[in-house]
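J.: Sharing a model prediction with you, sequence too.
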Amino acid sequence: MIFFEYWKPIRTLTDMLPPLVTASIGLVENPRTNRGIAAQIEDLLVEVDNEFVPPLSWRDSATVRDSAVVIDGVRPDWYVRQALARPCLVAFQENEFAGFMSFLPQHDEPNLDCNNLSTYVVTVATHRRFRRQGVARTLYRAAFALPAEFASPFITTRTWSANVVHIGLLERLDFHEVKRLKDDRGVGIDTVYYARALDVAD
């Protein structure tokens, strides 16, 4: 059972979540030190690379970079290294790794100009076979219930304007659009920032 092999060094958060959650959730403070989790995160980021706009393999800095062509065979190695350098929440469904969320705790996001620290969600990804089963929703709910040393008054994230599935989830979870960068990811594709105060009732 791979699940239990991975689970031992992970702080369990499932007990802090509402009843009827669909996945078991854990907090991994340093994914690089857990080879099993690191490998699962890397595999998932390779799987979903081209589902992001722009693809993860095109990104080589903290800001989104335009690119005119997709280069076959290029892996999102820079993005993987960045993800493994941040704390993350991991989801297990049916004893299998189902998805993860990387975040920056107590982060001052310069693009938001608000001088408020937030838990800044950088990446949320779910394996294709576990989608539409509440995994991403459960990861967000776990982010709302982080231990005190990781918590902030707000939780923030960004996405692109055509990512209607993610935006729909954010709105159902009481996130609100707080900033939009017009055509930031190409003509007609905006970068959109969302925020939610953590004193909002679930």
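T.: Received the coordinates, thanks. Remember, it's a predicted structure, so these values are computed and weren't measured experimentally.

J.: use CA for all of it now, contacts and neighbours both
T.: Noted.

J.: what's the longest strand in the protein?
T.: Taking residue count as the measure and DSSP state E as the definition, the longest strand of the chain comes out as strand 96-107.

J.: report the longest helix in this structure, please.
T.: If you go by DSSP state H, the chain has its longest helix at helix 35-48.

J.: contact partners of it?
T.: Contacts of helix 35-48 with the rest of the structure, by CA atoms under 8 Å, 6 or more residues apart in numbering, involve 6, 31-32, 56, 75-76, 80, 84, 97, 99-100, 125-127.

J.: Name the residues that touch the strand or helix carrying T123?
T.: Assigned by DSSP states H and E, T123 belongs to strand 118-126. Contacts to strand 118-126, defined as CA under 8 Å, 6+ apart, come from residues 44-45, 48, 83, 98-109, 135-136, 143, 150-158.

J.: Same question for stretch 76-95.
T.: Outside stretch 76-95, the residues within contact range by CA under 8 Å, 6+ apart are 1-4, 22-32, 38, 41-42, 45-46, 49, 56-60, 97-104, 123, 130, 135, 139, 142-143.

J.: what's the answer for stretch 178-197, then?
T.: With contacts defined as CA under 8 Å, 6+ apart, stretch 178-197 is touched by 53-54, 64-66, 112, 153-162, 170, 174-177.

J.: buried residues in that stretch?
T.: Judged by neighbour count using 16 or more other CA atoms under 10 Å, the buried positions of stretch 178-197 are R180, D184, R185, I189, D190, T191, V192, Y193, Y194, A195, R196, A197.

J.: would JSON lines of those with secondary structure be doable?
T.: Shown next, in JSON lines, are the buried residues of stretch 178-197 (DSSP: H, G, I helix; E, B strand; the rest coil):
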{"residue": "R180", "secondary structure": "strand"}
{"residue": "D184", "secondary structure": "strand"}
{"residue": "R185", "secondary structure": "coil"}
{"residue": "I189", "secondary structure": "coil"}
{"residue": "D190", "secondary structure": "coil"}
{"residue": "T191", "secondary structure": "strand"}
{"residue": "V192", "secondary structure": "strand"}
{"residue": "Y193", "secondary structure": "strand"}
{"residue": "Y194", "secondary structure": "strand"}
{"residue": "A195", "secondary structure": "strand"}
{"residue": "R196", "secondary structure": "strand"}
{"residue": "A197", "secondary structure": "strand"}
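
J.: quick one on the thing from earlier: now, of the contacts of helix 35-48, which are buried?
T.: In those, burial by neighbour count holds for 31-32, 56, 75-76, 80, 84, 97, 99-100, 125-127, counting by 16+ other CA under 10 Å.

J.: May I ask which of those comes out lowest in pLDDT?
T.: pLDDT across those is at its lowest for R75, which sits at 84.

J.: how far away is that residue from G99?
T.: Taking CA to CA, to the nearest Å as the measure, R75 and G99 are separated by 19 Å.
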